[in-house]
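> Okay, sequence plus prediction incoming.
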Amino acid sequence: MGILKSCCKKKRITAIALENKSKNSEILIPTDNKITETSLETLNIKENDNQNPNATLEDFSQLKVLGRGSFGKVVLVRLEKSKKLYAMKILKKELVIKRKQVNHTMTERSLLEKLNHPFIVKLFYAFQDKTKLYFITEFMQGGELFFHLRRNSQYKEKSVKFYMSEILLAIDYMHKNNFIYRDLKPENILIDKFGHIKLTDFGLSKLLDEEEQKTYTLCGTPEYLAPEIIFEKGYDKTCDWFSFGVVMFEMLCGFHPFKQKKGKFNPQIYKMKIIIPENISKNAKDLIEKLLNSNPRERIGYNSSEEIIKHDFFKDIDFDKVLKKNYKPPFIPKLDNEEDLRYFDKGFTEENVESFPDKKLITSNNGDGKSLSDEFKGFSYQPKDEDI
């Protein structure tokens, strides 16, 4: 499931090489892991009345594996008391700490509690035991957009307009709350059983301080990074609109706008002119070119998302109707029952749900005598209106 890096057995690429012209060398970045961010400031999470560690693993039945990632997996679970289905993201503490992802994990947990939007996945519970962390979120039965792109290759403009309008509102909401997403890509765009989308995976998101205009950390998925991130010039929320443009291009054209040699990524390609197929409409072409402008100050959306909303590509879209989900989705998942997993990779759903990537015994401390739980204080969460 999109909560992890990918729901696909076959990775899109195994590694990307960023060419460093000044040193005449290559920096290999495995795409199985996101580029690590060592300086991300963790949001302040305190134990309060809204956090209740009563939820435990024993409250849920694990049914099927939905996906796997670098240090965990996502499982379809049933809350025994209510019989409702959820997606459970399970992370190994030892691996999270070893790969310096504590800040990312705690940031995602805090952000999911704070964000409330129709097109952003909802967190219901978060809890931990001695060796693992658990996120309980909505089960998005339509799977990842990436899963569908592999099947359909490209979409009609009307369909792209539907999906991009919902994504636009989700990104706009994050920006108005001073968050940068930094990880928009098809794997992180989920489809619910009704055909609407929701964004997921917020480990790389950042809350900008009121006085903070730019951030400088190199993080994200290389294929979707804006040039200003790659070249480490400092960037703001405008970087998300570049990623938005890449996703829009892929959906319309069926391939990535910046074609590369297999296994390598050369940032200099950003200086080349984008070739847009002739069958793409004038309005779509104009918006893509403005979104993929390598100069963030000249990129559409730099001043506000209204620049994109008011673009002619969306001229026949009423965004109030989009927010209320009044437009009929171009694709509605065909499902036989609530546990139908046809839109998930069989390589995962047929796995043993009890298995875990690293079969080595996990210890309950981090090697210096300190409990692993000490690294994740404040992780547990349960809304006041939810009762286990």
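Sure, I can see it.
> Only C-alpha atoms from now on, for both contacts and neighbour counts.
OK.
> List phi and psi for residue 188.
phi -100, psi 10 (degrees, to the nearest 10).
> Could you tell me how far it is located from residue 212?
26 Å (CA to CA, to the nearest Å).
> per-residue confidence at residue 23?
If you check residue 23, the pLDDT there is 30.
> which SS class is residue 228?
helix (DSSP: H, G, I helix; E, B strand; the rest coil).
> higher neighbour count, residue 188 and residue 212?
residue 188 (25 against 10; other CA atoms under 10 Å).
> mind checking pLDDT for the more buried one?
Value for residue 188, per-residue pLDDT: 95.
> Repeat that for residue 64.
97.
> Quick check: which element contains it?
Assigned by DSSP states H and E, residue 64 falls within strand 60-68.
> Check the gap between residue 270 and residue 220 for me.
Counting by CA to CA, the gap from residue 270 to residue 220 is 17 Å.
> and if you look at residue 248?
From residue 248 to residue 220 the distance is 18 Å (CA to CA).
> Now do the SS call for residue 124.
Reduced to three states with three-state DSSP, the structure at residue 124 is strand.
> C-terminal to the strand holding residue 64, what's the next element?
Following strand 60-68 in sequence, per DSSP H and E, is strand 72-79.
> Quick one: mean pLDDT over that next one.
95.
> quick one: it to strand 60-68, angle?
150 degrees (axes from the mean of the first three to the mean of the last three CA atoms, to 10 degrees).
> pull the CA atoms of strand 72-79 into CSV?
Extracted in CSV, the C-alpha atoms of strand 72-79 (Å, rounded to 0.1, in the frame of the first residue of the first chain):
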residue,chain,number,x,y,z
GLY,A,72,8.3,-2.4,7.6
LYS,A,73,5.2,-3.5,6.0
VAL,A,74,1.5,-2.6,5.6
VAL,A,75,-1.1,-5.1,6.6
LEU,A,76,-4.9,-5.3,6.2
VAL,A,77,-6.3,-5.6,9.7
ARG,A,78,-9.7,-5.9,11.3
LEU,A,79,-10.5,-4.2,14.6
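> From the chain's centroid, how far away is it?
17 Å (CA atoms, centre = their mean, to the nearest Å).
> Repeat that for stretch 176-195.
On CA atoms, centre = their mean, the centre of stretch 176-195 falls 6 Å from the chain's centre.
> May I have the phi/psi pair for residue 162?
Torsion angles, degrees, to the nearest 10, at residue 162: phi -60, psi -50.
> The residue nearest to it when sequence neighbours are not counted: how many residues sit nearby?
Distance criterion CA to CA, 6 or more residues apart in numbering; nearest residue to residue 162, sequence neighbours excluded, is residue 329 at 7.1 Å. The number of residues packed near residue 329 is 15, by other CA under 10 Å.
> about what we covered before: what packs against the strand holding residue 64?
strand 72-79, helix 346-349 (3 or more CA pairs under 8 Å, 6 or more residues apart in numbering; DSSP states H and E).
> mind redoing it with 10 Å?
strand 72-79, strand 85-92, helix 346-349 (3 or more CA pairs under 10 Å, 6 or more residues apart in numbering; DSSP states H and E).
> Okay, helices next: where are they in the stretch 51-200 of the chain?
93-98, 102-114, 145-152, 157-176 (DSSP state H, counting those that start in this stretch).
> Now do the buried residues in the second one.
So the one you mean is helix 102-114. Neighbour-count burial for helix 102-114, counted by 16 or more other CA atoms under 10 Å, picks out 102, 103, 104, 105, 106, 107, 108, 109, 110, 111, 112, 113.
> backbone phi and psi for the closest residue to residue 238 other than its chain neighbours, please?
Once flanking residues are discounted, residue 238 sits nearest to residue 302: 5.4 Å by CA to CA, 6+ apart. Main-chain torsions, residue 302, degrees, to the nearest 10: phi -60, psi -40.
> what sits against residue 280?
156, 157, 249, 252, 253, 286 (CA atoms under 10 Å, 6 or more residues apart in numbering).
> Now for the last one, how many residues are close by?
Put plainly, it is residue 286. 14.
> List the buried residues in the host helix or strand of it.
Take DSSP H and E as the rule and residue 286 turns out to sit in helix 282-291. Judged by neighbour count (16+ other CA under 10 Å), helix 282-291 contains these buried residues: 284, 285, 287, 288, 289, 290, 291.
> Ok, stretch 74-87 next?
Quick answer for stretch 74-87 (16+ other CA under 10 Å): 74, 75, 76, 77, 78, 79, 85, 86, 87.
> likewise stretch 234-254?
235-254.
> try stretch 140-158
140-149, 154-155, 157.
> Those residues into JSON lines, with extra columns for pLDDT and distance to residue 173?
Shown next, in JSON lines, are the buried residues of stretch 140-158 (pLDDT from 0 to 100; distance: CA to CA, whole Å):
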{"residue": "140", "pLDDT": "98", "distance to residue 173": "20"}
{"residue": "141", "pLDDT": "97", "distance to residue 173": "24"}
{"residue": "142", "pLDDT": "97", "distance to residue 173": "23"}
{"residue": "143", "pLDDT": "96", "distance to residue 173": "23"}
{"residue": "144", "pLDDT": "95", "distance to residue 173": "21"}
{"residue": "145", "pLDDT": "95", "distance to residue 173": "20"}
{"residue": "146", "pLDDT": "92", "distance to residue 173": "23"}
{"residue": "147", "pLDDT": "92", "distance to residue 173": "26"}
{"residue": "148", "pLDDT": "93", "distance to residue 173": "25"}
{"residue": "149", "pLDDT": "89", "distance to residue 173": "25"}
{"residue": "154", "pLDDT": "88", "distance to residue 173": "27"}
{"residue": "155", "pLDDT": "95", "distance to residue 173": "25"}
{"residue": "157", "pLDDT": "97", "distance to residue 173": "24"}
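> Give me the below-cutoff pLDDT ranges for the stretch 51-200 of the chain.
Scanning the stretch 51-200 of the chain for pLDDT under 70 picks out 51-53.
> Walk me through the domains of this protein.
39-141+341-376, 145-323 (automatic domain parsing).
> quick revisit: show me the contacts for the residue nearest to residue 238.
By CA under 10 Å, 6+ apart, the residues touching residue 302 are 236, 237, 238, 239, 241, 291, 295, 296, 308.
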